[in-house]
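J.: I need the structure of the sequence given here:
(chains A, B and C)
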Amino acid sequence: MGKFKNPDRRDVLIGAGSTMVAASLAGSLPMSSALAATPKKGGKLTYAILTRNSKHKSLKNAKHPYSGLHIRTKNVYNTLTWVDQGIDAQPEVATKWEAVEADQTVWEVDIREGIKFHDGRDLTVEDVISSYDFHRSKKGTSFAKKMLAKVEKAGPNKARFFMKSPNSEFAWWAAEYRQVIMPAADVATIGYDGVGSGPFKFAKIDPKRSVTYEANENYWGEGPYLDTLETVFQPSMGSAMNGYRSKQFDMVLSIDPAMVPQFEKMADTVVDVAKAGSQMMAILPKYEGSPFMDKRIRQALTLAIDRQKIIDIVYGGKAAWIPNDTHMADFNADFLARDVVRDVNKAKQLLAEAGHAGGITLPTLYYSSYYPEIDRVFQVMSESVKDAGITMPIELKQKSGYRKWRVEDKKKTRKHRFAMGPVGPRNPGANLFRMARPTYNESGYWHPNARGDEYIALYKKAMATGDTLKRREIYHEMQRILQDEVPSLFIIGRRTIDVFRSDVQGWKAHSQGWSGKFDKVWRS
Amino acid sequence: MFRAMIRRTLLSVLILFLVAVFVFLATEVLPGDALDVYLSEDDVSVMTLEDIEEMRQELGLNVPAPERFFTWLSGAVVGDFGVTIVDKIPIGDIVFNPLLNSLQLGAIITLITLPVAFAIGATAGYYRGRRADAWVSTTTIIGYSIPDFVIGTVLIIIFAVWIPLFPAVITAYNDAHPLELIAVSLLPAITVIIGHVAHLSRLLRVGFIETMNSDFVERARLSGVPERNIVLRHVLPASVIPTLNAMALYMAGVLSGLIVVEKVFGYPGLGIELIEAVDTREVHVVQAIAFLGAVLVVVMNLLADFAIIALDPRVRSHVSER
Amino acid sequence: MLVNDKPLLSIVTHSPATTIGVTLVTLHLLNAIFAPLLIPYGSTQLAGMPLIAPGHPDFLLGTDVIGRDFLSRLMMGGRTSITVAMIGVMGAVIIGTFFAVSAAHFGGYYDDVVMRIVDTKLSIPGILFVALFVVGFGRSVTVLTIVVGLSYFPGAVRTIRAQALTQVPLAYVKAARLRGESALSVIIRELTPNVIEVVVVEFAIRTSSAILIVSALSFLGLGISPPTADWGLMVSEGVNQIYEAPWLILLPAVFISTLVVGLNFASDGIANALGLDAARGLGGH
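T.: Here you go, the predicted structure:
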């Protein structure tokens, strides 16, 4: 048992109803030729999102790229690069990027000419510098703040980025959702006017609930085709589905996998499954008195979870993937699958060696409602580990204050709790950084552990290695360390599922929810 | 009588103060503060503990709790509820539209509930002990025994999905025109009205029966006033008095009661805003909404008390003793 | 057995509605007590395929979204909310009775203080109160029980105090005082027995309302945590499947409603039979 299923092909499921209608309208015309049709201009698209940016508070900050209704800044803004559905970095404002130092610390970026902001101004290298000066400032909370030392003009259309430490995966870093390019302004005011260079402009905002955008007629790239785009925040999956059924929404992003069969039955509906998506991880707290100090118990726990059962029951057998106990997503080319995914006997044996031959009762595992299906994932997991004699109570915590609460810090001990955390899919460097962050020696990560030091040394080496294949070897080595040590537990990876009406063309579900773009979307 | 009214008013002010103290203390024990909730996983991964501490200082979150409370209170007594902690937005801007929306929905509910409840309550009271009464009391009990989230969900399926008369989800903007909101608030209103009518009509039935049995009705009967006149002109108005306090509390409870329908229908009201303010640790918003709610209860109660004192001569004498 | 000089049987069969109510409540209580012995599967056990429709030979009422036997979960689904509601309300009513009766007895400043605390609680939006507690202390059964108790305390004090006030001026209380009984003894021995009917009715009515509130909280995500089987939680788990598997909502809704209808029919009928009036203020909620 337990070989990973790693689909190369995006599963596009089309509702039975829609196939019928399509056939009756277009005879035996195959769907692919419908997709290849010439894009048509005009129309409106309303899409619902189930989660909202925690920073989005009011009209005052609603246009700022850090605090829009959703962290998908791509409707209004552009970034230097863009991560496509295949998780490759593509040019956007940048047309070219290269490391000018062998150790990957200095990068030069060519800025695209002919981009105009919504207010009619040209986008210049000064705007790029000013934007990044903001991102790396004290007010910035993007990855730039951590990693960027300085950015300077290197030519009429060229900017030079000095990183604080080597960053061989600059191209993915430059696509981060907060690192958008805005018209130059001082750090205190930049971004608040909502002027970007993206395919859509802000038209109307209802704080916390919805945003209406209108087409940017002077967009530099292909599109936009839609006249109007509307985002509606609808936290309840049931309400979002009712809204879709009653034709208030044309699209619902990142739906609950349990709803797939219902959407499949609806007429003119496309259910699109992305390559990957976020993972659910559990922090295994390591301090005196915690059962997770013992490596064998950590290993036994990961071997006891029936992940295939979670996929079958919660994800309809398809909309999830089996993680490998690292932060890597299975669409990363450097992903190294575990040899054995589940082995109940081995788990029992490890527990017996650790002195728990008669089974073990773990502390309560806490989780919070990050994803609509999360209750089901944790319930199935908690039942499945019983096979190995593990009793693991679970409890749902309010999302509010959850992250802070995960670190029990009354006496500044930084003692972590046995609790779930969400993990967004990114490029390998950003993924594997998460076990190499400055707080890595806390109880939630490595605790003092020689393998942890080894891991961090490897991470630093990878970041300074320009060659992709050499880097892959290092990444594999790092994953092997994590798979043996199991410093944190990876429960399941979900695949993002979007649903939309079949007249919506040009949209593909994106594993990174924040990277989806509506510029080439049109309605037939 | 005036002394009683003044005493009541002063006590109401005391209660408002106690509510403010309670809310503040309660928000203090919640895990994390406004900043912790504001920052996302991605933010924290690029920030050091020192960065976060510095931001906390800038936002004034490290000021001792009593000091923060009294600063807020000194503003609140002159009607200035302050600004949100993280974004420094005036509380009024945050609360204004949801408050209007909730008041509007509350008004629609009350306007429909009251006459219907009166009619049912009076009918049941008049035919006390007979089949109509039994029928009413059975139906009303069933009416308030079905959870409103079930009623709401069923209404959506029937009237928004099967027969698409109303929107399933309210996507109207927060500052939408009142008329636009009225058009979409019928389903949420009905959801709440079913339970409310059931409750209020039972209250009114009791008041009605009490009044029917009172001396002055007996006297009116004996002096040959037609039955219809007795019921419509005398009993009905008088039967309200004993239920006024309960009704006042009930109306004030509308705010809390709306949260379920706001959630089910996505109605942009104060209940959702309140829960969200708790979730984001925006203490000043919580305070402001709790304060508005408390004012509503207190004022309703005061009005009910005053009305009882003014309307019912029997109470006047012993109200000052209470 | 006689209550208020009336045979118990005549009270519980006061009207057809009362009989129905008492029967429903009895059935629900018997089920809640004996369910662990009767259920065909464990209430959290993944017994079969997800979403099997009712009528299946192995799963009489089908299975839920993750393949747990729905009958077992329905039978177990009232235990937590009934326990939370009953213990919470019982605490509120018992402690409330003491404060109410003593407030009525002593009057003056003590009465004022008690009643101002009650008024303060009644002035705080109920949902805010609950949200503060749940966010602060988590969703455990203990926390919910305390929240229910605190939520119903003020209403109980109000109603019972009103009843006690009618008793205080009566001759038997004065007589007891003249006999030299201590205040505590007057409160417990003389006054409390004479408000006990109101207390019982109060308990029944508030319990039914508490069950509704607990299930509404679970529906809103402020109540009982998975994997516990709970009707309110089951409705919220099933709400997304309403088109595919409407029984996932309807069955738990029927269970909640029959219990609450039963409690209200029973308390209403019993109150009528005893000559009390069940419909009064509904403080706080």
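
J.: Residue A:521 is in contact with residue A:505, correct?
T.: Yes. Between residue A:505 and residue A:521 there is a contact under CB atoms under 8 Å: 6.8 Å. Glycine gets a C-beta too; all of them are placed from N, C-alpha and C.

J.: Could you pull up the mean pLDDT of stretch B:210-230?
T.: What stretch B:210-230 shows for mean pLDDT is 82.

J.: Give me the buried positions along that stretch.
T.: Residues B:210, B:211, B:212, B:214, B:217, B:220, B:230 are the ones in stretch B:210-230 that count as buried (16 or more other CB atoms under 10 Å in any protein chain shown).

J.: who has more neighbours, residue A:505 and residue A:521?
T.: residue A:521 (24 against 19; other CB atoms under 10 Å in any protein chain shown).

J.: Output the below-cut-off pLDDT ranges for chain B.
T.: Low-confidence segments of chain B (pLDDT under 70): B:1, B:242, B:245-246, B:249-256, B:311-322.

J.: Could you list the domains of it?
T.: Domain assignment of chain B by automatic domain parsing yields the ranges B:2-77, B:91-321.

J.: Mean neighbour count, those: which tops it?
T.: domain B:91-321 (a mean of 19; mean count of other CB atoms under 10 Å in any protein chain shown).

J.: where do the helices sit along chain C?
T.: Ranges of helices within chain C are C:8-12, C:16-38, C:70-76, C:79-106, C:108-123, C:126-137, C:141-167, C:171-178, C:183-185, C:192-220, C:231-238, C:247-273, based on DSSP state H.

J.: Mean neighbour count added to these, as CSV?
T.: Shown next, in CSV, are the helices of chain C (neighbours: other CB atoms under 10 Å in any protein chain shown):
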stretch, mean neighbour count
helix C:8-12, 14
helix C:16-38, 16
helix C:70-76, 24
helix C:79-106, 22
helix C:108-123, 18
helix C:126-137, 23
helix C:141-167, 22
helix C:171-178, 13
helix C:183-185, 12
helix C:192-220, 23
helix C:231-238, 27
helix C:247-273, 23
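
J.: Out of those, flag the one nearest chain A.
T.: helix C:126-137 (5.0 Å; CB to the nearest CB).

J.: what's the longest helix anywhere in chain B packed up against?
T.: In chain B, taking DSSP H as the definition, the longest helix is helix B:91-126. Packed against helix B:91-126 by the contact rule (3 or more CB pairs under 8 Å, 6 or more residues apart in numbering or on different chains; DSSP states H and E) you find helix B:131-145, helix B:178-184, helix B:186-212, helix B:236-240, helix B:254-265, helix B:270-279, helix B:283-311.

J.: okay, these in a markdown table with distance to chain A next?
T.: What follows is those, written out as a markdown table (distance: least, CB to the nearest CB, whole Å):
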| stretch | distance to chain A |
| --- | --- |
| helix B:131-145 | 23 |
| helix B:178-184 | 11 |
| helix B:186-212 | 11 |
| helix B:236-240 | 38 |
| helix B:254-265 | 7 |
| helix B:270-279 | 4 |
| helix B:283-311 | 10 |
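
J.: Leaving out chain neighbours, which residue sits closest to residue C:31?
T.: residue C:75 (5.9 Å; CB to CB, 6 or more residues apart in numbering or on different chains).

J.: For residue A:344, which residues are in contact?
T.: A:303, A:304, A:387, A:388 (CB atoms under 8 Å, 6 or more residues apart in numbering or on different chains).

J.: tally of neighbours for the third one?
T.: Looking back up the chat, that one is residue A:387. Neighbours of residue A:387 (other CB under 10 Å): 16.

J.: Let me know the distance separating the closest residue in space to it that isn't next to it in sequence from residue A:491.
T.: Once flanking residues are discounted, residue A:387 sits nearest to residue A:344: 5.0 Å by CB to CB, 6+ apart. With distances taken as CB to CB, to the nearest Å, residue A:344 is found 17 Å from residue A:491.

J.: who touches the residue lying closest to residue C:256 once chain neighbours are set aside in this structure?
T.: In this structure, residue C:256 finds its nearest non-sequential neighbour in residue C:231, 4.8 Å apart by CB to CB, 6+ apart. Residue C:231 is in contact with C:74, C:77, C:78, C:81, C:215, C:218, C:252, C:253, C:255, C:256, counting by CB under 8 Å, 6+ apart.

J.: Can you lay out these as JSON lines showing distance to residue A:418 and pLDDT?
T.: JSON lines is the format used below for the contacts of residue C:231 (distance: CB to CB, whole Å; pLDDT from 0 to 100):
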{"residue": "C:74", "distance to residue A:418": "31", "pLDDT": "96"}
{"residue": "C:77", "distance to residue A:418": "27", "pLDDT": "93"}
{"residue": "C:78", "distance to residue A:418": "30", "pLDDT": "92"}
{"residue": "C:81", "distance to residue A:418": "27", "pLDDT": "91"}
{"residue": "C:215", "distance to residue A:418": "29", "pLDDT": "88"}
{"residue": "C:218", "distance to residue A:418": "24", "pLDDT": "87"}
{"residue": "C:252", "distance to residue A:418": "31", "pLDDT": "93"}
{"residue": "C:253", "distance to residue A:418": "35", "pLDDT": "90"}
{"residue": "C:255", "distance to residue A:418": "34", "pLDDT": "94"}
{"residue": "C:256", "distance to residue A:418": "33", "pLDDT": "92"}
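
J.: Pick out the most distant pair among the residues you listed.
T.: Farthest-apart pair in the contacts of residue C:231 is C:74 and C:218; separation 14.5 Å (CB to CB).

J.: buried stuff in stretch C:53-61?
T.: If you call a residue buried by 16+ other CB under 10 Å, then stretch C:53-61 has these buried ones: C:59, C:61.

J.: For the closest residue to chain C within the stretch 51-200 of chain A, grab the count of nearby residues.
T.: The minimum distance from the stretch 51-200 of chain A to chain C, using CB to the nearest CB, falls at residue A:51 (14.3 Å). Neighbours of residue A:51 under the rule other CB under 10 Å: 17.

J.: Just the closest of the buried residues of stretch B:210-230 to residue C:117, please.
T.: So of the buried residues of stretch B:210-230, ranked by how close each gets to residue C:117 (CB to CB), first place is residue B:210, at 29.6 Å.

J.: wait, doesn't the closest one sit right on residue B:243?
T.: No. With contact defined as CB under 8 Å, residue B:210 does not count as touching residue B:243 (9.4 Å).

J.: I'd like to know how far residue A:222 sits from residue A:514.
T.: In terms of CB to CB, residue A:222 sits 21 Å off from residue A:514.

J.: Repeat that for residue A:407.
T.: Going from residue A:407 to residue A:514 by CB to CB gives 25 Å.

J.: hmm, back to that, going by distance to chain C, which of the buried residues of stretch B:210-230 wins?
T.: Closest to chain C, out of all of the buried residues of stretch B:210-230 and judged by CB to the nearest CB, is residue B:210, at 9.1 Å.
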